[in-house]
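A.B. asks: Predicted model and sequence follow; I will ask about them next.
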Amino acid sequence: MFEFSWPWCFVLLPLPWILSRFMPLKQQGQLRLRIPGFAKLGLNNQAVQQHSRKVSLLEWAVWISLVVAIANPTWLDEPITLPNEGRDIMLAVDLSGSMTEQDMEYRNNQYVDRLTMVKAVLSDFIEQRQGDRLGLILFGDTAFLQTPLTRDVKTVSQMLSEAQIGLVGRATAIGDALGLSVKRFANKDESNRIVVLLTDGQNTAGNLDPEDALLLAREEGIKVYTIGVGSDSKRGFSLFNMGGMSGGNLDETLLKRIADQTGGLYFRAKDVAGLQQIYQELDKLEPISNDEQTFRPQISLFYIPLLVALGLISIAMLVSFIHQFKQES
């Protein structure tokens, strides 16, 4: 199907004729557009008299092509039905200083820092969530929404990959992160709303106590899956965590309580296998049935009439150049 994004732009078509007919001659002369090697784009009676009928037609063809380009011709492809079943999942990721500790075994006895591990495994998890709506919250001294709930999983994955330690401070505001997650689910009727909270520490900052945030999650019927990140062995070195900086002691008791009282599960992620375990658990959940939605791919074709206008101008300049060359020779 073919349509114009801004069809009202076609009211500009008679503009040159209107200006040439009703404006004073002095002002018309000031409005003339000169194109090298091309006849003047006539906006007055004098210009019309000086140029041939062919030139006038060429001018109008250029003008019409430009107006069509401004109207943005668009091709609408066949409607695509979007998945009407899925899950609403809010990911809350800890960016505290202790996430720099290099104690996570990744592959072939290679140890990486905790945030690198979370990014690597969570990115795979995100890409597998076709049909689900995902959001991303990052937290440290406080919590902020990085990406609202969306089916654009590539954007969520990209935002996660760009997250850096210290972006929101080096402490751990678990209560704020959970509270903000609950807030983003407010006024939604779906029953299967999920928060996945990943942290390697205990609550050391923020304005909302984790117990109060837990109460809000229970009242809203939101399941919270908590993941405690970090190896039992202290083999890594953390620049941010030197001198006993807060955030390095995992509060498993709190994380287990949050998961148990909201109907979720707690995972201890000491390596790749520990993080990947949540994949199978979330896949078992019954998806939400949403109203059917359709999407029509759109292809903007404005460049076609624009190229036509430029082509006509180029032809006129070439003809003028050839004509001048013949006269000089």
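C.D. replies: Arrived safely, thanks for sending.
A.B. asks: switch to C-alpha atoms for all contacts and neighbour counts from now on
C.D. replies: OK.
A.B. asks: lowest-pLDDT helix or strand in this structure?
C.D. replies: Ranked by mean pLDDT, DSSP states H and E, the weakest helix or strand in the chain is helix 45-50, scoring a mean of 46.
A.B. asks: element containing the most centrally placed residue in the chain?
C.D. replies: Closest to where the C-alpha atoms of the chain average out (C-alpha atoms, centre = their mean) is residue 155, at 4.8 Å. Using DSSP states H and E, residue 155 sits in helix 153-161.
A.B. asks: Helix or strand next in line after whichever strand or helix holds residue 62, which one?
C.D. replies: For residue 62, the element it lies in under DSSP H and E is helix 53-70. Per DSSP H and E, the first helix or strand lying C-terminal to helix 53-70 is strand 73-76.
A.B. asks: Could you list the residues in contact with that next one?
C.D. replies: Residues outside strand 73-76 that contact it (C-alpha atoms under 8 Å, 6 or more residues apart in numbering): 1, 2, 3, 4, 5, 296, 297, 298, 299, 300, 301, 302.
A.B. asks: And these, which two are furthest apart?
C.D. replies: 296 and 302 (18.1 Å; C-alpha to C-alpha).
A.B. asks: Between those two, which has more neighbouring residues?
C.D. replies: A count of neighbours by other C-alpha atoms under 10 Å puts residue 302 above the other of residue 296 and residue 302, at 20 against 12.
A.B. asks: Go through the strand or helix carrying residue 115 and flag the buried ones.
C.D. replies: Assigned by DSSP H and E, residue 115 falls within helix 114-127. Within helix 114-127, the residues scored as buried using 16 or more other C-alpha atoms under 10 Å are 114, 115, 116, 117, 118, 119, 121, 122, 123, 125, 126.
A.B. asks: list the helices and strands the helix or strand that that helix is followed by packs on?
C.D. replies: Counting by DSSP H and E, the next helix or strand C-terminal to helix 114-127 is strand 133-139. The contact analysis (3 or more C-alpha pairs under 8 Å, 6 or more residues apart in numbering; DSSP states H and E) places strand 133-139 against strand 88-94, strand 143-150, helix 153-161, helix 174-184.
A.B. asks: Pick the most deeply packed of these.
C.D. replies: strand 88-94 (a mean of 27; mean count of other C-alpha atoms under 10 Å).
A.B. asks: and the angle for it with strand 143-150?
C.D. replies: Following axes from the mean of the first three to the mean of the last three C-alpha atoms, to 10 degrees, one obtains 150 degrees for the angle between strand 88-94 and strand 143-150.
A.B. asks: Any idea how far strand 88-94 is from the middle of the chain?
C.D. replies: The chain centre lies 16 Å from the centre of strand 88-94; the measure is C-alpha atoms, centre = their mean, to the nearest Å.
A.B. asks: quick one: the helix or strand following it to chain centroid distance?
C.D. replies: Of the helices and strands lying after strand 88-94 in sequence (DSSP H and E), the nearest is strand 104-105. Centre-to-centre, strand 104-105 and its host chain are 31 Å apart (C-alpha atoms, centre = their mean).
A.B. asks: What is strand 104-105 packed up against?
C.D. replies: Strand 104-105 packs on strand 111-112, going by 3+ C-alpha pairs under 8 Å, 6+ apart.
A.B. asks: now for the strand it packs on, which elements pack on it?
C.D. replies: strand 104-105.
A.B. asks: In a helix, residue 253, correct?
C.D. replies: Yes: Residue 253: assigned to a helix according to DSSP: H, G, I helix; E, B strand; the rest coil.
A.B. asks: Return the backbone torsion pair for the residue nearest to residue 73 when sequence neighbours are not counted.
C.D. replies: Counting by C-alpha to C-alpha, 6 or more residues apart in numbering, residue 73 lies nearest to residue 4, which is 4.4 Å off, once chain neighbours are set aside. Here is the backbone geometry of residue 4 (degrees, to the nearest 10): phi -110, psi 140.
A.B. asks: Count residues in the vicinity of residue 4, would you?
C.D. replies: Look at residue 4: counted by other C-alpha under 10 Å, it has 18 neighbours.
A.B. asks: Pull up the gap between it and residue 310, please.
C.D. replies: Here residue 4 is placed at a distance of 21 Å from residue 310 (C-alpha to C-alpha, to the nearest Å).
A.B. asks: could you pull out the strands for the stretch 151-300 of the chain?
C.D. replies: Here the stretch 151-300 of the chain has its strands, by DSSP state E, counting those that start in this stretch, at 193-199, 223-229, 266-269, 288-289, 294-295, 298-300.
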